[in-house]
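Asker: no sequence for this one, just the structure:
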């Protein structure tokens, strides 16, 4: 049976630096980010992003994140793989739970979702999942 979850997240730290081999013509950065989640997904997350920046201020990115906490009261951790785009005003994208990454009550967690983060520290995350 499929369920839906919705949460807010707050970025608690962001450390970004040029990725090895990055140039002015090919600007790639790496960011290590920490987040707090509240709502149906509750807990903390750590993510590493690789971002390709364009001269117009936009960027595309991929990320791999571990979330520790709960989904609808079920305790554990899981990993998600993200793909997104920053249009200069907000970052939006999709993600999928990495199969077999769940622990505890979330050991069988499967699903995918979307996220949106306007400039600033607060964003939203939705998840369509099964346990």
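Answerer: Yep, it's here. These numbers come from a predicted model, not from an experiment.
Asker: could you pull out the strands for the protein?
Answerer: Assigned by DSSP state E, the chain shows strands spanning 3-18, 27-39, 41-53, 59-71, 74-86, 90-97, 110-118, 122-130.
Asker: who touches stretch 33-43?
Answerer: Contact with stretch 33-43 is made by 4-15, 44-49, 67-72, 125, 127, as judged by CB atoms under 8 Å, 6 or more residues apart in numbering. All C-beta atoms are positioned from the backbone trio N, CA, C, and that covers glycine.
Asker: so how far is that stretch off the chain centroid?
Answerer: On the basis of CA atoms, centre = their mean, to the nearest Å, stretch 33-43 is displaced by 10 Å from the centre of the chain it belongs to.
Asker: go on, stretch 58-65?
Answerer: Mean-position distance between stretch 58-65 and its chain equals 9 Å (CA atoms, centre = their mean).
Asker: Likewise for stretch 104-117?
Answerer: Centroid displacement of stretch 104-117 relative to its chain, using CA atoms, centre = their mean, is 10 Å.
Asker: same check, this time on stretch 84-94
Answerer: From the chain centre to the centre of stretch 84-94 is a distance of 12 Å (CA atoms, centre = their mean).
Asker: now swap in stretch 114-125 and tell me
Answerer: The answer for stretch 114-125 is 10 Å, by CA atoms, centre = their mean.
Asker: Okay, buried residues for it please.
Answerer: 115, 117, 123, 125 (16 or more other CB atoms under 10 Å).
Asker: Tell me which of the strands of the chain sits nearest to residue 103.
Answerer: For residue 103, the closest of these is strand 74-86, at 4.6 Å, according to CB to CB.
Asker: if we look at that closest one, which residues are touching it?
Answerer: Taking CB under 8 Å, 6+ apart as the rule, strand 74-86 contacts 47, 49, 51, 58-71, 91-98, 101-107, 109, 115, 131.
Asker: from these, which would you call buried?
Answerer: By neighbour count, with 16+ other CB under 10 Å, the contacts of strand 74-86 hold 47, 49, 51, 59, 61, 63-71, 91, 93, 95, 97-98, 101-102, 106, 109, 115, 131 as buried.
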